[in-house]
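>>> The following block contains a protein sequence and its predicted model.
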Amino acid sequence: MRRPKMRRHGWGTVGLAGALLTAGCAHTGSARSETTGVAGPLTVLAAASLTESFGTLGREFEAAHPGVRVTLSFGASTTLAAQITQGAPADVFAPAAPEPMETVRKAGEIAGDTRTFARNVLAIAVPPGNPGHVTGVADLARPGLRLALCAPQVPCGAAADTVLRAAGVAAHPVTLAKDVKLVLSLVKLGEVDAGLVYRTDVRSAAGTVVGVDIPDATVAVNDYPIGVVSHAPNPVAARAFVDLVLSRTGRTVLRDAGFILP
Amino acid sequence: MRSEIAYSTRDPLEVALRVRRGSFELAAELTVPAGEVLVVVGPNGAGKTTMLRALAGLDRLLAGTVRIGPTILEDVVAGRRVPPERRPVGYVFQDYRLFPHLTALDNVAFGLRVRGQQRAAARAAAAGWLDRVGLAGYAGRKPDTLSGGQAQRVALARALATEPALLLLDEPLAALDVGTRAALRGELRRLVAAYDGRCLVVTHDPLDAMVLADRIAVLETGRVVQVGSPVEVARHPRTGYVAGLVGLNLYRGVGEGGAVRLDGGGELAVGRPTPGPAFVAFPPTAVALYRVLPEGSPRNRWPTTVVDLEPVAGTIRVRLAGPPDVLAEVTPAAVADLGLAPGVAVWASVKAVEITVYPA
Amino acid sequence: MTRVGSDPGHRTATPAALWLPASVGVAFLVLPLAALLARAPWRTLPAHLAGPVVRTALRLSLVSATAATAVSLLLGVPLAWVLARSSFRGKRLLRALVTVPLVLPPVVGGVALLLAFGRRGVIGRLLDSWFGVSLPFSTAAVVLAEAFVAMPFLVIAVEGALHGVDRRYEEAAVVLGASRWEVFRRVTLPLMAPGVAAGAMLCWARALGEFGATITFAGSYPGRTETVPIAAYLALESDVDGAVALSLVLLAVSVLVLVGLRGRWVSGAIG
């Protein structure tokens, strides 16, 4: 995989000290070019489900602005929100739901407006060959079917709850995972017959899992807001990055990843 | 499961072995009849402990056999070897090795327990052995609360409790302080003398050897250089080492007040009153010879006649007839001054402070 | 002769140069815990603790950590014996391999367990087809995951204790007629008992706090696989007070047990 100057971080468990250190390092020796305006290090904190699409956009951004070095940090939206309110250096914030954005805005850490740039809906992921013969939400209630859901405390779990309740399905999951990526992993490994994940997850894992669309998925829609952090060390580049996400290029990349566009 | 080792109570231990440890090689032939105490004496590094370990089966033989009568413990050529845990051997290690987590009683009962005896029976037998070594009141004590002498006796009781056919004692008194040694030497002699199996003691201390031995084997650099009764070995030392080692004046007698009346005639004043049967010992170098009766201090002086003279490593050994008979060691110049020759009458004297006395 | 060497009369004075870093070290380790205490929702704490979530998770945590310690003892003590006492080619490699879970990220450990014992795992597939047994997402899986991560602590502690056992005592036992097993049972094991106990404590504490391997291999479901650390992590997403309350429970239990047993066992092994 080609990896330019950009660095990516996937936070597992909460590592605030690590986040501070790494983010701090990204700023040492920064040489901002005053002529182009868009230069220097740029730190983007984004929801884990944006890993693939923002990865692509990060490379595009660096290509368009040779003086910029993009650091992408992906994680659970609530965790990222906590990092920002605790003072972690960040320029752009893009969580997977409005609530974490609200938390950050209430803390006075968002400069100006936020924009909803993408929407995500749930889909059923099954292992190749679909051993559980899952064709729709109704099958998820079948006894003996091993189902993985997100825990109700995290956004994908809440969404799963909504979808299942709307369909009148009483599911008995074998596990309530801590995040959607773990659900996806369990499906990939064949340890479960089905899992409720985001449609973008199914798209990104194409080949290792098979997606089964949910017709009524839109009962639970996740809005993805994006905003510039008020204490952003590099506000100029931050605004330019937000513009890229909202641009035609950005929309194409997001649509390809499986997002619904507003 | 445990195959019994059959041996007659009268069969001797017969050993012909070669053992190699690094570049050191021990080659020895020994026979120990039942009821006999053989003391293997020799300098450090002579191979004494190596021999005991080989007999116990802790180290393998390079060649040779170890047997008790017809019962083979190890035979290299025949490829037979009884593992150490199945040998009828009691071993008192130099450092005793009492199990620190067990009481004195359970230490002694250990051999019986691992032979499958019930706890109660094993403990009863162990209590008997503790009583025999004079430690009946110490059954519940952990080893770290015992004195050196007590630990030594617990170790001996532990070795004897399994009623072994062969008892091995490695420097049994070396770890004790001087006072305790003197007291325990006689006690140990009593205990090993009462043991009716074959007993092998190794020591570097000539006094221990003389006191404990029925026979002595002298080991030097991995070879047995002399075997014989203590008297024989003392009379006819075959090497300088043996001479220096066993050329010791040793008497048995009965203590009365500050003196010991010797069984062979004569009386010696001793520094420490030791009532009852006692041993008296002093080195030949402690003996002074005079042509005329010396004036003043030495209390122990008696007329003797020179039996023979023998040069030993730069000095002259003078054998004198008493009573008591005595061995003296003097310089060649003194021999000339005194005109010493067989048949010459001289006075012998020994200072009381040079004399070691201990209960028999 | 004996290895006991506690000598209270002999104490070296601590060099002044060590006091400062030592104090910083203490502050570094203790301050976060103090912060947790300061942040604790004391007023609502009783309500949090009385809730079924805490009680269910705590019971599961205690049971599974204890079971994992039992499994570790059963397998780890013999393994430590082999590592300490036998000699064979590749022993160093084996030691490195069995202690890998110490450095492996626990989540990766969990994936590895899935690949081995999962429904499609190398061994799990056989378990499934022969016995119809499926380990993942069960309490047994919690125990397995905890043992996987915690057993190396026990193995290392016990191996150390075995190296400390004076082999001369074992030789004395052999000469007294003890078979290999009797030597182990009556001499080696009692002599290394303090080390085993210390290792078991360490193992238990590690198992109690295990998170990554458990959530990956065993998943999380209240009452079945949701241990206190997992419940705390999930609570962190929505209810920070609840997470802190759960963490306090874990903290209190482990401090109680470690303080209570440390004096009796660990210091005995060291002193």
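Yes, it's here.

>>> does B:Gly64 belong to a helix or a strand, and which?
Assessed by DSSP states H and E, B:Gly64 sits inside strand B:63-68.

>>> quick check: domain ranges of chain A?
A:7-118+A:224-256, A:122-219 (automatic domain parsing).

>>> Out of those, which is closest to chain B?
The closest of these to chain B is domain A:7-118+A:224-256. By C-beta to the nearest C-beta, the value is 43.6 Å. Bear in mind the C-beta positions are built from the backbone N, C-alpha and C, glycine included.

>>> ok so, going back, can you list the domains of chain A in CSV and add distance to chain B and mean neighbour count?
Shown next, in CSV, are those (distance: least, C-beta to the nearest C-beta, whole Å; neighbours: other C-beta atoms under 10 Å in any protein chain shown):
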stretch, distance to chain B, mean neighbour count
domain A:7-118+A:224-256, 44, 19
domain A:122-219, 47, 21
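
>>> any idea which of these scores lowest on pLDDT?
Per-stretch mean pLDDT for the domains of chain A is lowest at domain A:7-118+A:224-256 (a mean of 80).

>>> returning to that earlier point: how about the strand holding B:Gly64 as PDB, C-alpha atoms only?
Extracted in PDB, the C-alpha atoms of strand B:63-68 (Å, rounded to 0.1, in the frame of the first residue of the first chain):
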ATOM      1  CA  ALA B  63      33.500 -48.700  35.600                       C
ATOM      2  CA  GLY B  64      33.200 -51.300  38.300                       C
ATOM      3  CA  THR B  65      30.700 -52.700  40.700                       C
ATOM      4  CA  VAL B  66      29.000 -51.900  44.000                       C
ATOM      5  CA  ARG B  67      27.400 -54.800  45.800                       C
ATOM      6  CA  ILE B  68      26.300 -56.100  49.100                       C
END
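
>>> touching chain C at all, it?
No - between strand B:63-68 and chain C, judged by C-beta under 8 Å from any C-beta of the partner chain, nothing touches; the nearest distance is 14.5 Å.

>>> could you say what helices and strands that strand packs with?
strand B:13-21, strand B:71-75 (3 or more C-beta pairs under 8 Å, 6 or more residues apart in numbering or on different chains; DSSP states H and E).

>>> Let me know the pLDDT of the residue of the stretch 51-200 of chain B found nearest chain A.
Closest to chain A within the stretch 51-200 of chain B is B:His101: 43.6 Å, counting by C-beta to the nearest C-beta. Looking at B:His101, its pLDDT reads 94.

>>> can you check C:Ser87 too?
88.

>>> now the one 5 residues further on
The pLDDT attached to C:Arg92 in the predicted structure is 90.

>>> do you know how far it is from B:Val231?
Per C-beta to C-beta, to the nearest Å, C:Arg92 is found 59 Å from B:Val231.

>>> between the two, which one's more packed in?
Higher neighbour count among C:Arg92 and B:Val231: B:Val231, with 12 against 9, using other C-beta atoms under 10 Å in any protein chain shown.

>>> Quick check: which element contains that one?
Going by DSSP H and E, B:Val231 is part of helix B:230-235.

>>> Can you give me the neighbour number for B:Arg223?
Count around B:Arg223 with other C-beta under 10 Å applied: 14.

>>> scratch that, C:Leu176
By the criterion of other C-beta under 10 Å, C:Leu176 has 30 neighbours.

>>> quick one: contacts of the helix or strand hosting B:Asn107?
Assigned by DSSP H and E, B:Asn107 falls within helix B:104-113. Helix B:104-113 is contacted by residues B:90, B:98-99, B:102, B:117, B:119, B:121-123, B:125-127, B:129-130, B:135, B:138-143, B:146, B:150, B:154, B:157-158, B:161-162, C:173, C:176-178, C:186 when judged by C-beta atoms under 8 Å, 6 or more residues apart in numbering or on different chains.

>>> average pLDDT for it?
96.

>>> Backbone torsions only: list them for the closest residue to A:Pro131 other than its chain neighbours.
Of all residues not flanking A:Pro131 in the chain, A:Asp193 sits nearest, at 5.9 Å (C-beta to C-beta, 6 or more residues apart in numbering or on different chains). As for A:Asp193, its main-chain torsions (degrees, to the nearest 10) stand at phi -80, psi -20.

>>> OK, contacts around A:Asp193?
With C-beta under 8 Å, 6+ apart, A:Asp193 has these contacts: A:Val126, A:Pro127, A:Pro131, A:Gly132, A:Val134, A:Leu145, A:Arg146, A:Leu147.

>>> Might you report the residue contacts of residue 199?
Unless you meant another one, I'm taking chain A. Counting by C-beta under 8 Å, 6+ apart, A:Arg199 touches A:Asn120, A:Val121, A:Leu122, A:Ala123, A:Gly211, A:Asp213, A:Ala217, A:Gly258, A:Phe259.

>>> Correction: the question concerned chain C.
Per C-beta under 8 Å, 6+ apart, neighbours of C:Gly199: C:Gly76, C:Phe153, C:Leu154, C:Val155, C:Ile156, C:Ala157, C:Val158, C:Ala161.

>>> Now the first one, what are its backbone angles?
Taking degrees, to the nearest 10, you get phi -80, psi -40 for the backbone angles of C:Gly76.

>>> Correct me if wrong: it contacts C:Leu154.
Yes - C:Gly76 is within contact range of C:Leu154, at 4.3 Å (criterion: C-beta atoms under 8 Å).

>>> circling back: only the buried subset of the contacts of helix B:104-113, as a ChimeraX command please.
Applying 16 or more other C-beta atoms under 10 Å in any protein chain shown to those leaves a buried subset, and the ChimeraX line that selects it is:
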select /B:90,98,99,102,117,122,123,125,126,127,129,130,135,138,139,141,142,143,146,150,154,157,158,161,162 /C:173,176,177,178,186
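
>>> right, so of the domains of chain A, which gets closest to B:Glu85?
Among these, the nearest to B:Glu85 by C-beta to C-beta is domain A:122-219 (51.0 Å).

>>> Show me where the stretch 51-200 of chain A has its strands.
Taking DSSP state E, counting those that start in this stretch as the test, the strands found in the stretch 51-200 of chain A are A:68-75, A:92-94, A:110-120, A:122-126, A:147-150, A:175-177, A:194-198.
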